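# Next come a sequence and a model predicted from it.
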Amino acid sequence: MADYLLFATERYALPILQPLADALQARGHTVGALLVDNARDGLIEGARMMSLREAVAFRPHAVFSAANWVPTFIRGAKVQLFHGFNVEKREDARGHFRVRGLFDLYCTQGPATTAPFKALAARHRHFKVVETGWSKLDPLFRDDDGQAAALRAPAAGREVVLFASTFTPRLSAAPQLYDAIRAQVERGDRYWLLTLHPKCPPELFDRYRALAGPNAAFVETEQLVAAQRAADVLLADTTSVVSEFVVQRKPVVTFRNRAPKAHMLDFNDAAQLPAMLERAFAPSATIREALRSYADQIHPWRDGYSAYRVLAATEAFLSGRLGQVGRKPWMAKFRALQIRRELGYWRP
């Protein structure tokens, strides 16, 4: 049995790491968790919460990161799990496909990300790539704890809409659609699950939480996957929740999406919301086929066992079955010093 460490900087990383913690424990491994910054007050069930110095002393075989970076001075292979899908908020070189020189193994979500990262691995030669699926979505296909059923129960047979929004001001639908969503909630013919990105302004949280009642519930970040399983249709913007939801091949309505695609019902005017929802609840054959095609490209794994594939890929890397990796680039050493400064850790 081996020791493994989970690393997160944001609350939204916790649902990514929890299925992996469960898989590690099921295999008899010891699991530690280092949660910093906005994730500091979070919890991963079954993992031992550690301080930075405890994590260093833990000397894990591997560190699983659901962030863009990882403390390079902690022992073990550094495994990138990703904190979201590629939703094209930024250029590739600055966004999803940016290589920072910190990771040894990238566990990709599906063909749409595997091929670009394998091309990058062939060019840079200092990391490996294995397509495993995304651990966060395991509960999407295995509602073992009944959270999704509990979230859906108050709908009492009504159709269920999930609303989710990014925090990026220029892309967020939350301010623009509030009045239209409130009107829909007040109608009561459908049941709403409402959630916001943790970085959204507090005043937005207050407004949306106030909509909770017989026709709506506010869902916290840790319940987001269960809410996606519970909902029939998603209303969103350019948030990566769109891609997560589409994996189920369920319809999505998007407001001013930065890069609208064939599987999205995208619109620009809040007054169009009722009509767009009607279309989503009766999707055309063209939309259904676009949903299936896109889902298979970004995340074909529908068995709920991606966390176990992540573990298998990591064990293959550690054993050398994936081959050797080259030396990290000079920029990685500079970034490692920045990370030490940010975390306040200067011991060797």
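Cool, got the structure. Numbers count the residues shown, from 1 in each chain.

# domain assignment for the protein?
As assigned by automatic domain parsing, the chain contains the domains 3-139+304-343, 147-298.

# The shortest one spans what distance, first to last residue?
Yep, that's domain 147-298 we're talking about. 25 Å (Cα to Cα, to the nearest Å).

# among the domains of the chain, where is the model least confident on average?
Looking at the domains of the chain, the lowest mean pLDDT belongs to domain 3-139+304-343 (a mean of 92).

# next one: that domain to chain centre, how far?
Relative to the mean C-alpha coordinate of its chain, domain 3-139+304-343 is positioned 13 Å out (Cα atoms, centre = their mean, to the nearest Å).

# now the strands: where do they sit in the stretch 151-300 of the chain?
For the stretch 151-300 of the chain, the strands defined by DSSP state E, counting those that start in this stretch occupy 159-163, 190-194, 216-218, 233-236, 252-255, 264-267.

# Would you reformat the ones you listed as TSV and include mean neighbour count and distance to residue 280?
All C-beta spots, glycine's among them, are computed from the backbone N, C-alpha and C. Listed next are the strands of the stretch 151-300 of the chain as TSV, based on neighbours: other Cβ atoms under 10 Å; distance: least, Cβ to Cβ, whole Å:
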stretch	mean neighbour count	distance to residue 280
strand 159-163	22	8
strand 190-194	24	11
strand 216-218	21	17
strand 233-236	25	4
strand 252-255	25	5
strand 264-267	19	6
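
# Of these, give the one that comes closest to residue 115.
Smallest distance to residue 115 across the strands of the stretch 151-300 of the chain (Cβ to Cβ): 22.3 Å, for strand 264-267.

# Tell me the strands beside the closest one, with direction?
Paired strands of strand 264-267, with direction, are strand 252-255 (parallel) (DSSP bridges).

# shouldn't residue 318 be in contact with residue 78?
No: in this structure, residue 318 is not within contact of residue 78 by Cβ atoms under 8 Å, at 11.8 Å.

# what touches both of those two?
residue 62 (Cβ atoms under 8 Å, 6 or more residues apart in numbering).

# who's more crowded, the two?
residue 78 (20 against 17; other Cβ atoms under 10 Å).

# For the more buried one, give me phi and psi.
Backbone torsions of residue 78, given as degrees, to the nearest 10, read phi -100, psi 120.

# Specify the beta-bridge partners of it.
Here residue 78 sits in beta bridges with residue 63, as judged by DSSP bridges.

# who touches it in this structure?
Shown in contact with residue 78 (Cβ under 8 Å, 6+ apart): 62-63, 65, 70, 72, 102-105.

# picking that back up, now distance to residue 246 too, for the strands of the stretch 151-300 of the chain, in CSV please.
Formatted as CSV, the strands of the stretch 151-300 of the chain follow (distance: least, Cβ to Cβ, whole Å):
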stretch, distance to residue 246
strand 159-163, 12
strand 190-194, 17
strand 216-218, 22
strand 233-236, 8
strand 252-255, 6
strand 264-267, 8
